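Asks: here is the input, now give the coordinates:
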Amino acid sequence: MKLLISSLQVFVLSAVGSSVFAQTLISGDQQVQLIELYTSEGCSSCPPADRWLGRLQYDKGLWSDFVPVAFHVDYWDYLGWADKFAEQAFSDRQHLHADQGNISRVYTPGFVIQGQEWRGWFQRKSRPARPTQNTGNLKLSIESHIVTIEFTPQIIMTEGEVNFAVLGLGLRHSIFGGENAGTELDHDFVVLDHRHKPTQIKNKKLSAEFTMAPLVSRNSTRLAVVAWVTPVDKLKPVQAVGGWYYTHD
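Replies: All right, here's what the predicted structure looks like:
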């Protein structure tokens, strides 16, 4: 068994077979920031924001203090380039942020940190400090392609929405149309698979289970898995957890 400890985050890897490892990620009780970037390969303003997000992989607070995710939207595809990482569901998610008053309008690049619009990136400001609130412990476990997520809240909750996503890093893509035609773009923390389900508190925990979908790496050099919990029908996160996804060949 290999035990890696970074701040309050614990990552345990233990062999359970010839090709599968059991992996467990634990957030700790202090709230971990969820950093969302809404971006598009069809938007000429997005590559600098993509690079900013990508540099977070070298930040010592990655996973222990914050979890970054990049949702590629599809509403710029009409400009002449269809972003292969984009999904309508991600565009709908950004519109829902606007509907819930979390952001002022829908645009790219658009940052949402801890469920609130953050325009500090445009002024080259430092990202907001990690919250100091203790909201509860979030645990993500993977074994034999079964994903189990458990949240033990320290705040009053009777139900919640459990989110799970697989992220791709080190993605390089040549662009042949649209505003970024003739360039090569690098992407990190790209959401390749996102699923969510509502659940109720039982035995003082929120629990949800997902089956790990067969992954098409799309030339990712690295994969990560993340989870976060929100109130039902709300996008503002209560707790998040994330870490590298390991396979053993």
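Asks: what about Gly80, how many residues nearby?
Replies: By other CB atoms under 10 Å, the residues close to Gly80 number 14. Every C-beta, even on glycine, is put in place using the N, C-alpha and C of the backbone.
Asks: my bad, should have said Asn203
Replies: Applying other CB under 10 Å, we find 7 other residues in the vicinity of Asn203.
Asks: same check, this time on the one 4 residues further on
Replies: The local packing of Ser207 (other CB under 10 Å) involves 16 other residues.
Asks: with Asp233 instead?
Replies: For Asp233, using other CB under 10 Å, the count is 10.
Asks: which ones are touching it?
Replies: Glu161 (CB atoms under 8 Å, 6 or more residues apart in numbering).
Asks: before we move on, what SS does it have?
Replies: The three-state label given to Asp233 by DSSP: H, G, I helix; E, B strand; the rest coil is coil.
Asks: for it, what are phi and psi?
Replies: Dihedral angles of Asp233 (phi, psi; degrees, to the nearest 10) stand at phi 70, psi 20.
Asks: how about Leu53?
Replies: When quoted as degrees, to the nearest 10, the phi and psi of Leu53 stand at phi -60, psi -40.
Asks: show me the contacts for it.
Replies: With contact taken as CB under 8 Å, 6+ apart, Leu53 is in contact with 35, 37, 68, 70, 188-189.
Asks: could I get the full set of helices for the protein?
Replies: Secondary structure of the chain, counting by DSSP state H: helices at 46-54, 88-99.
Asks: taking those together, which one is wrapped up most tightly?
Replies: Among the helices of the chain, the stretch with the highest mean neighbour count (mean count of other CB atoms under 10 Å) is helix 46-54, at a mean of 19.
Asks: give me the mean pLDDT for it.
Replies: In this model, helix 46-54 has a mean pLDDT of 98.
Asks: on that earlier part again, possible to save the contacts of Leu53 as JSON lines with distance to Phe164, neighbour count and pLDDT?
Replies: Shown next, in JSON lines, are the contacts of Leu53 (distance: CB to CB, whole Å; neighbours: other CB atoms under 10 Å; pLDDT from 0 to 100):
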{"residue": "Ile35", "distance to Phe164": "17", "neighbour count": "20", "pLDDT": "98"}
{"residue": "Leu37", "distance to Phe164": "18", "neighbour count": "27", "pLDDT": "99"}
{"residue": "Pro68", "distance to Phe164": "16", "neighbour count": "27", "pLDDT": "98"}
{"residue": "Ala70", "distance to Phe164": "16", "neighbour count": "26", "pLDDT": "98"}
{"residue": "Asp188", "distance to Phe164": "19", "neighbour count": "23", "pLDDT": "98"}
{"residue": "Phe189", "distance to Phe164": "15", "neighbour count": "26", "pLDDT": "98"}
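Asks: nearest to Leu235 among the residues you listed?
Replies: Distance to Leu235 across these (CB to CB) is lowest for Ile35, with 13.4 Å.
Asks: in the sheet, who's paired with that closest one?
Replies: In this entry, Ile35 is beta-bridged to Pro68, Ile113, by DSSP bridges.
Asks: likewise His194?
Replies: Taking DSSP bridges as the rule, His194 bridges to Ala165.
Asks: what's it in contact with, if anything?
Replies: Applying CB under 8 Å, 6+ apart, we find His194 in contact with 71, 89-90, 163-166.
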